[in-house]
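Peer 1: take this sequence and fold it.
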Amino acid sequence: MLKSKTFLKKTRAGGVMKIVREHYLRDDIGCGAPGCGACGRAHEGPALEPEPRDQASSLCPLPHYLLPDTNVLLHQIDVLEDPAIRNVIVLQTVLQEVRNRSAPIYKRIRDVTNNQEKHFYTFTNEHHKETYIEQEQGENANDRNDRAIRVAAKWYNEHLKKVSSENQLQVILITNDKKNKEKAVGEGIPAFTCEEYVKSLTANPELIDRLACLSEEGSEIESGKIIFSEHLPLSKLQQGIKSGSYLQGTFRASRENYLEATVWIHGDTEEDKEIILQGLKHLNRAIHEDIVAVELLPKSQWVAPSSVVLHDEGQNEDDVEKEEERERLLKTSVSEKMLKPTGRVVGIIKRNWRPYCGMLSKSDIKESRRHLFTPADKRIPRIRIETRQASALDGRRIIVAIDGWPRNSRYPNGHFVKNLGDVGEKETETEVLLLEHDVPHQPFSQAVLSFLPKMPWSITEKDMKNREDLRHLCVCSVDPPGCTDIDDALHCRELNNGNLEVGVHIADVSHFIRPGNALDQESARRGTTVYLCEKRIDMVPELLSSNLCSLRSNVDRLAFSCIWEMNHNAEILKTRFTKSVINSKASLTYAEAQMRIDSATMNDDITTSLRGLNKLAKILKKGRIEKGALTLSSPEVRFHMDSETHDPIDLQTKELRETNSMVEEFMLLANISVAKKIHEEFSEHALLRKHPAPPPSNYEILVKAAKSKNLEIKTDTAKSLADSLDRAESPAFPYLNTLLRILATRCMMQAVYFCSGMDNDFHHYGLASPIYTHFTSPIRRYADIIVHRLLAVAIGADCTYPDLTDKHKLADICKNLNFRHKMAQYAQRASVAFHTQLFFKSKGIVSEEAYILFVKKNAVVVLIPKYGLEGTVFFEEKDKPKPQLIYDDETPSLRIEGTVFHVFDKVKVKITLDSSNLQHQKIRMALIEPQIPGINMPTDTSNVDLNGPGGKKRKLEK
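Peer 2: All right, here's what the predicted structure looks like:
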């Protein structure tokens with residue numbers, strides 16, 4: 001049956017065009033109930049159960065299927081995902097609305113419908129002859145969809161009577177819309193709200209905790225006093241942004257201070273890029289990563305970023321007066337030039353909430369169901385939840401989702417989602433840090449694995465097409481110990497004309513991962529392999545990462561080779577790229593390669609090749625540094641694990657050898673050579689990597705710190721910075737230069753991927769290179785796979801595909817890659833921080849020398865070189881007499897009871913693990929030297945938050 005709509009449309013040229021929209025209706029769409037004689041076997045895929053008896057509901061004791069409306073799907077997805085809820089009919093009308101309103105929830109509902117055990121059935125009601133309805137005159141789209149849902153529910157109830165008259169199967173409409181429910185009941189359809197139905201499931205009382213709390217205003221949890229100003233409606237916000245009275249930006253909460261945040265303004269103008277917000281009322285219920293509208297305050301109300309470290313430690317009460325007292329703490333007299341544009345949130349444009357990991361802070365009131373949840377991420381406010389299982393959840397990591405934040409509540413309201421396990425357990429904590437940093441870590445699906453090559457695998461004649469056979473070359477790889485995903489191998493040999501041939505051979509991952517298939521989509525989503533202290537979350541399945549793509553020794557492997565002809569001064573005479581087959585002659589560690597180079601007795605082919613590479617690498621490095629490339633430092637640590645318990649038994653900073661630098665130089669050279677080639681060939685859609693120069697204000701802290709030690713750091717160009725860092729030596733204080741380089745690293749901007757057609761600044765500041773990309777690690781970075789594809793097309797070794805030459809698609813890929821790389825870095829740091837805590841847990845109390853990195857108003861941030869560990873020593877403690885603190889921002893320095901602390905001062909600290917707060921176990925640091933009366937008392941340990949040292953970088957992450 002065919003329905004068609006005809007309407008006329010005016011064209012640009014002024015003509016009239018007739019448009020006919022056809023809508024096909026069918027009578028062979030199955031209802032999803034097995035054994036339904038009326039439908040036959042019309043339905044395919046997951047179906048409902050013939051006799052649903054799993055939900056023992058006191059409201060509807062008869063066997064029944066559920067039919068939720070759109071809002072139930074959008075807001076109560078956590079309930080629907082629970083194993084207790086089965087046999088649900090998802091209408092096409094509902095699914096389409098969800099798809100338009102929330103992509104993440106749409107994905108979750110698709111996953112549930114694909115889970116055979118849940119018995120969720122998708123019914124195509126918009127194409128069924130008896131359930132399709134037309135929009136009536138004067139009826140809006142929302143009312144039409146509500147009516148379509150009721151029509152489908154009514155049809156189902158009448159239709160199912162034909163299946164079996166004796167078992168009285170019902171379809172129950174679940175809706176939270178009062179009017180819709182009243183109309184449904186009036187039409188004889190059994191209908192309940194989600195809350196009524198869930199509370200009627202006597203066998204599953206825990207489901208009540210997962211209900212989203214949707215009453216925005218006046219919930220009985222609140223005190224009733226209005227704390228926050230009203231959010232303006234979207235229409236007013238859009239008008240205000242258009243007229244320039246409001247600014248739109250991303251809300252970034254502070255980790256250090258819960259009463260302060262910044263908003264990064266969207267747009268290209270450099271001025272007012274960042275606006276500061278201070279105080280609860282000005283933050284106005286915005287949550288980290290929300291898109292907000294802010295109003296700039298008059299200049300007389302502008303403030304400076306606070307140097308106070310404040311964490312929300314209030315208990316269950318809404319003590320707003322106390323907050324106001326803390327807000328006064330933030331306001332201190334500062335010089336005019338320190339003031340920054342300041343504003344207040346007037347409305348929310350888009351909420352970017354996600355499920356949050358954390359712990360329950362049980363209410364002091366016995367038998368109370370209302371408790372506060374403290375997220376692991378300090379940038380997220382505490383969340384009020386209702387739960388009947390508080391005792392069972394005590395001391396466990398749980399996940400909670402936010403439902404809303406009424407004006408009269410100090411905290412947002414939310415609901416319980418999932419119990420992850422005991423706090424402090426390695427598996428639980430690893431799961432938390434992966435979830436918190438949004439690292440995709442579920443096992444690869446069957447759909448993804450189906451695109452892997454079948455084993456046993458070998459190189460075929462077809463694989464050799466457009467490929468050179470380089471198996472005769474003396475190729476070897478050099479990697480960290482225990483590395484199984486070997487991306488790169490090298491060779492160097494002398495040519496007959498006296499020049500040298502140098503080759504970088506990279507795993508040909510793009511041969512196995514073809515554009516657009518499920519394996520490619522999953523790799524693109526993951527973006528990068530994540531290296532935790534004891535675990536690797538692979539970007540590609542293990543068969544590729546540790547076997548078929550890994551350039552292990554003595555096996556034939558497919559590679560993508562970049563081969564140069566150089567003279568003995570490392571000047572490039574010719575460059576060529578080719579797909580190849582190699583057979584690595586040795587897989588060496590950095591230490592083994594170094595031993596060969598240094599050995600007086602070894603002169604075999606591999607060793608000769610390594611010596612040639614090392615000699616050239618030194619010349620290349622010298623040339624780079626002369627151009628202004630920076631040599632920065634970050635305290636990287638390595639854990640030595642107990643082979644049985646896998647607990648860290650030793651912690652030391654990583655040792656870098658000449659061979660690390662050797663591999664790095666050739667990887668950089670290959671990346672630069674490939675960047676030039678793909679940009680020559682694809683000027684509009686090359687995937688490149690840039691490192692923006694930091695704004696001068698970023699260097700203030702470095703310049704001031706050096707000045708306090710009578711050293712001058714110039715920052716006008718990368719070259720002048722590199723030269724002044726080289727000159728900043730102090731014979732009496734050899735570690736000072738490393739500290740300056742660590743501090744310089746903190747001043748840098750993040751390097752990012754971008755599409756050449758969407759940007760005109762290609763420069764890589766840190767490497768002093770005019771163009772750069774990533775080509776050398778396709779097993780662990782998706783960017784390199786795209787670069788391989790571009791290069792393959794450029795040399796005629798592979799064919800192109802539409803998305804490869806679509807700069808907007810490429811820009812979207814870059815955006816995801818930049819996010820995934822940043823999150824991987826943070827997850828690595830969090831993993832190091834957790835393992836550091838485990839290490840100190842077994843160590844007891846340790847005293848070590850430390851250097852001050854930053855000076856705050858009430859604390860100093862110190863670095864302990866031995867462990868590469870960073871932490872904050874506080875000088876003010878609750879319930880202790882406050883010492884006299886004088887903070888000078890210009891120097892910067894902090895005077896405590898007559899003792900002055902500057903950046904880079906050497907101190908001695910006592911390190912212990914404080915487990916009094918299970919959620920945020922802390923490494924506590926207390927000052928031992930210099931002696932300060934009232935501060936060094938053994939009982940007066942000052943606590944620290946562990947930021948953890950730099951992320952675990954493998955080989956090269958420029």
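Peer 1: could you list the buried residues of stretch 896-903?
Peer 2: 896, 901-903 (16 or more other CB atoms under 10 Å). Heads up, the C-betas are built off the backbone N, CA and C, glycines and all.
Peer 1: quick check, nearest of those residues to residue 688?
Peer 2: residue 903 (36.0 Å; CB to CB).
Peer 1: tally up the residues packed near residue 119, please.
Peer 2: 21 (other CB atoms under 10 Å).
Peer 1: circling back: out of the buried residues of stretch 896-903, which is nearest to residue 629?
Peer 2: Among the buried residues of stretch 896-903, and counting by CB to CB, the member closest to residue 629 is residue 903, at 25.7 Å.
Peer 1: read off the pLDDT value for the closest one.
Peer 2: Reported pLDDT at residue 903 in the predicted model: 79.
Peer 1: please apply the same query to residue 208.
Peer 2: Confidence score, pLDDT, at residue 208: 84.
Peer 1: assign it to helix, strand or coil.
Peer 2: Classification of residue 208 using DSSP: H, G, I helix; E, B strand; the rest coil returns helix.
Peer 1: so it touches residue 388, yeah?
Peer 2: Yes: using CB atoms under 8 Å, residue 208 is in contact with residue 388, at 6.8 Å.
Peer 1: so these two - more neighbours on which side?
Peer 2: residue 208 (19 against 12).
Peer 1: give me the spatial nearest neighbour of residue 494, chain neighbours excluded.
Peer 2: In space, and not counting its chain neighbours, residue 494 is closest to residue 500: 5.9 Å by CB to CB, 6 or more residues apart in numbering.
Peer 1: surely the one you found and residue 565 touch.
Peer 2: Yes: the criterion here is CB under 8 Å, and residue 500 meets it with residue 565 at 7.4 Å.
Peer 1: compare those two (neighbour count), which wins?
Peer 2: Each of residue 500 and residue 565 has its neighbours counted (other CB under 10 Å); residue 500 has more, 19 against 16.
Peer 1: now that one: how far from residue 596?
Peer 2: As judged by CB to CB, to the nearest Å, residue 500 and residue 596 stand 18 Å apart.
Peer 1: could you do residue 662 as well?
Peer 2: 12 Å.
Peer 1: need the residues touching each of these two.
Peer 2: residue 610 (CB atoms under 8 Å, 6 or more residues apart in numbering).
Peer 1: between those two, tell me which one has more neighbours.
Peer 2: residue 662 (25 against 22).
Peer 1: helix or strand: which one has the more buried one?
Peer 2: helix 658-681 (DSSP states H and E).
Peer 1: so which elements touch the helix or strand that that helix is followed by?
Peer 2: Toward the C-terminal end, the helix or strand that comes next after helix 658-681 (DSSP H and E) is strand 687-690. If contacts are counted by 3 or more CB pairs under 8 Å, 6 or more residues apart in numbering; DSSP states H and E, strand 687-690 sits against helix 658-681, strand 752-755, helix 782-794, helix 807-843.
Peer 1: just the CA atoms of strand 687-690, as CSV, please.
Peer 2: C-alpha atoms of strand 687-690 as CSV (Å, rounded to 0.1, in the frame of the first residue of the first chain):
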residue,chain,number,x,y,z
LEU,A,687,46.8,14.7,8.0
LEU,A,688,49.6,16.6,9.8
ARG,A,689,50.7,17.3,13.4
LYS,A,690,51.5,20.8,14.6
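Peer 1: which residues are contacting that strand?
Peer 2: Taking CB under 8 Å, 6+ apart as the rule, strand 687-690 contacts 675, 678-679, 751-756, 759, 761-764, 771-774, 783, 786-787, 790, 810, 813-814, 958.
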